[in-house]
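A.B. asks: coords below, sequence missing:
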């Protein structure tokens, strides 16, 4: 995503904001976000400070979706910007 000032927000930033918002709204299942090993450690620290977990997988949407299904999580994605919201679609 690029904002009106031309600044780029990467997938980790987007997932962090979504996870925090969904948790505040009581919508984040399992208290965790699923992301790959490519996600920044800053994402993990941000989530931890909010009382949330980061579940890491191998690289690839396939592995993110597998872990989401196994753990009953509804939000995941990759740093590249792929976001998976299973409440809506895979």
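C.D. replies: Here it is on my side, so go on. Here the structure is a predicted model, which is why all the values come from computation and not from measurement.
A.B. asks: what packs against the longest helix along the chain?
C.D. replies: Using DSSP state H to define each element, the chain has its longest helix at helix 11-24. In this structure, helix 11-24 packs against strand 32-36, helix 41-49, strand 75-77, strand 83-85, with contacts taken as 3 or more C-beta pairs under 8 Å, 6 or more residues apart in numbering; DSSP states H and E. (C-beta placed from N, C-alpha, C; glycine too.)
A.B. asks: report the buried residues of the first one.
C.D. replies: By 16 or more other C-beta atoms under 10 Å, the buried positions in strand 32-36 come out as 32-36.
A.B. asks: and if you look at the second one?
C.D. replies: Of all the residues in helix 41-49, those buried under the rule 16+ other C-beta under 10 Å are 43-44, 46-47.
A.B. asks: from those residues, which two are the most distant?
C.D. replies: Farthest pair in the buried residues of helix 41-49 (C-beta to C-beta) is 44 and 46. Separation: 7.3 Å.
A.B. asks: ok, the closest residue to residue 20 other than its chain neighbours to residue 12 distance?
C.D. replies: Once flanking residues are discounted, residue 20 sits nearest to residue 50: 5.5 Å by C-beta to C-beta, 6 or more residues apart in numbering. To residue 12, residue 50 is 14 Å away according to C-beta to C-beta, to the nearest Å.
A.B. asks: look at these two and report which has more neighbours.
C.D. replies: residue 12 (24 against 15; other C-beta atoms under 10 Å).
A.B. asks: show me the contacts for that one.
C.D. replies: 35, 39-40, 42-43, 79 (C-beta atoms under 8 Å, 6 or more residues apart in numbering).
A.B. asks: now residue 48
C.D. replies: Taking C-beta under 8 Å, 6+ apart as the contact definition, residue 48 lies against residue 54.
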